[in-house]
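Asker: the following block contains a protein sequence and its predicted model.
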Amino acid sequence: MKAFLQRSLEGLAVFGTICVALAFSSGAWADVVDRVAAKVNEDIITLSQVRERAEIQLGQLKAARVTEVPSDEELLKLSMEELIDERLQLQDGKKNQISVDNQSVLKALEDIKKRNNITQEELEGMLESEGRTLDQYRDTIREQILLSKIVRFQMGDPGKVSEKAVQAYYKEHLADYWRPPTPHVSHILFILDDLMDEEEKTVKRQKAREVLEQIRAGEDFEELAKQYSEDVSGRTGGSIGPVTLGNLVAEFEKAAFSLKEGEISDLVETKYGLHIIRVDKREPGETRPLAEVRPGIEKILGREAHAAAYDKWMNELKKKSFIETYLFEDAEQVEEEPSHADAPAGVSETARQQVRKAPAPAADLEVVEAQLSRIKKLYASKRISESEYQKRKRELLDRL
C-alpha cells in the first residue's frame with residue numbers, strides 16, 4: 001500500500017488533475033486544532049498539513065476504487081512519511097541551488113486547465129471554495145515541479161538494463177510468460193431471454209437440439225450457423241476465432257477449453273442462451289519468447305533499479321538529518337521517545353544522545369496550539385484575511 005501511496009513526482013501526478021487537488025482538502029479531519037506533527041532539520045510539518053495530504057491520498061484511493069483502504073492512523077503515518085521525504089528533498093535541492101522559473105509554473109498551470117477543460121475563472125472559483133488562493137496554488141505547483149527536478153538531478157538515468165539481468169529475470173519468471181493452449185472456436189447461438197415465455201423457450205430448446213443432431217449427422221456447421229445462429233458471427237459461419245481464458249462466460253469457456261480440435265459440444269447454456277460450440281483448431285501452449293517480452297522486462301528492471309536508487313538516496317539524507325515526530329502525541333505529554341535519524345558514522349552513542357534535540361516544552365506547545373486555534377477561528381469567521389492568517393500562523397510556528 002505504501003508503494004501505491006507514494007506520489008509520482010513525474011508530471012505533477014497529484015496536482016495534474018484539479019479534482020484530486022481540490023476535492024479532498026476539507027474532509028473528516030478538518031476541525032482539529034493545529035500543532036506540530038514533525039520536525040525535519042529546520043523545517044516544521046504541521047498536523048493540518050499531514051491531514052490535508054491524507055485527504056488527498058484518500059481521494060486518490062477512492063478514485064482508483066481500491067477496496068482495502070488503510071485505516072485513518074495508517075493513512076496519517078504514510079502521509080507524514082511522504083511529507084518528511086519531501087522536506088528532505090527540498091532541503092537537498094536548496095543545498096544544490098535547484099530552482100523553478102515562473103514560466104515553468106505558468107505552463108504547468110495552463111496544462112492543468114487544458115487537461116481538466118476549465119477556465120481561469122472556474123479554477124479560481126474552485127480554489128476559493130476550498131479556501132485557497134491562486135498564488136497558493138501556484139506555489140504548490142512550483143513545489144511539485146521543484147521536487148521533480150530534484151529527483152531527476154539526484155537520480156539521473158539509472159542506465160540501460162544489462163542483457164545478463166534481462167535473461168536472469170526471464171529464466172526466473174518463465175511461468176509468468178507461459179501462453180496456454182488457444183482454441184479457435186465457432187458457435188451457433190439460440191437466444192433465451194426473460195421476455196420469452198416458457199412455451200417460446202421450449203420451442204427454442206427443441207430447435208437447438210434438432211440443429212445439434214443435424215451437425216452430428218454430418219450436415220455443414222457453417223451453413224447451419226448462417227441459417228439458425230442468432231449471434232452476429234452467424235453471418236460468417238459462426239466463427240469467433242481465438243479465445244483466451246478470462247474473456248468468456250464461465251460455461252462457454254469450460255466447454256471451449258475442454259474440447260479437442262474438431263469436436264462439437266453438447267448444448268451449453270449461458271446467460272445469453274444455448275450454444276453449440278465447435279473447436280476449429282487448437283494452438284499448443286508455449287512460453288513466450290524472450291524477444292517478445294523483453295520490453296516489459298526492461299521496464300520492470302528499470303523501475304526496480306530506480307526504486308532501489310531512490311531508497312538509497314533517501315536513507316542517506318535521513319542519516320544526515322535530524323527528524324522528530326509527534327503525530328499521535330498529546331501536547332501535554334510525550335508518550336514515546338521521538339524518532340531520530342542516525343548520526344554520522346563514527347559517532348558514539350553517548351555523543352549521539354548529546355546532540356539529540358529535546359522536543360519543545362509541553363507548556364510552549366500548549367500555548368502555541370491555543371493561539372493557533374484562536375487565529376484559525378478568526379479566519380473562519382472572516383475577521384482576518386487569508387494573508388494575515390498565514391502570517392500569524394508562520395510567526396507562531398517559528399517560535400517552536
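Answerer: Sure thing, it's come through.
Asker: which residues in the stretch 101-250 of the chain form strands?
Answerer: For the stretch 101-250 of the chain, applying DSSP state E, counting those that start in this stretch gives strands covering 178-179, 182-191, 239-242.
Asker: and those: which comes nearest residue 316?
Answerer: strand 178-179 (40.8 Å; C-beta to C-beta). Quick note: C-beta positions are derived from backbone N, CA and C, even for glycine.
Asker: which strands and helices sit next to that closest one?
Answerer: If contacts are counted by 3 or more C-beta pairs under 8 Å, 6 or more residues apart in numbering; DSSP states H and E, strand 178-179 sits against strand 286-287.
Asker: how far does the strand it packs on sit from its chain's centre?
Answerer: Chain-centre distance of strand 286-287: 32 Å, with C-alpha atoms, centre = their mean, to the nearest Å.
Asker: just checking: what are the partner strands of it?
Answerer: strand 178-179 (antiparallel) (DSSP bridges).
Asker: show me how far the partner strand is from its chain's centre.
Answerer: Distance, centroid of strand 178-179 to centroid of chain: 28 Å (C-alpha atoms, centre = their mean).
Asker: name the residues that touch that strand?
Answerer: 285, 286, 287, 288 (C-beta atoms under 8 Å, 6 or more residues apart in numbering).
Asker: out of those residues, who's nearest residue 294?
Answerer: Taking the contacts of strand 178-179 together and measuring to residue 294 by C-beta to C-beta, the closest member is residue 288, at 10.2 Å.
Asker: ok, now which ones touch the closest residue to that closest one other than its chain neighbours?
Answerer: Nearest non-adjacent residue to residue 288, counting by C-beta to C-beta, 6 or more residues apart in numbering: residue 177, 4.4 Å away. Each residue near residue 177 by C-beta under 8 Å, 6+ apart is listed here: 170, 287, 288, 293.
Asker: picking that back up, and of the strands of the stretch 101-250 of the chain, who's closest to residue 120?
Answerer: strand 239-242 (50.9 Å).
Asker: any idea how far residue 77 is from residue 66?
Answerer: 17 Å (C-beta to C-beta, to the nearest Å).
Asker: my read: residue 78 touches residue 70, true?
Answerer: Yes - contact criterion C-beta atoms under 8 Å: residue 78 and residue 70 qualify, at 6.9 Å.
Asker: single out the most deeply packed of the strands of the stretch 101-250 of the chain.
Answerer: strand 182-191 (a mean of 22; mean count of other C-beta atoms under 10 Å).
Asker: which helices and strands does that strand pack with?
Answerer: Against strand 182-191 (3+ C-beta pairs under 8 Å, 6+ apart) you get helix 198-216, helix 221-228, strand 239-242, helix 250-258, strand 273-283.
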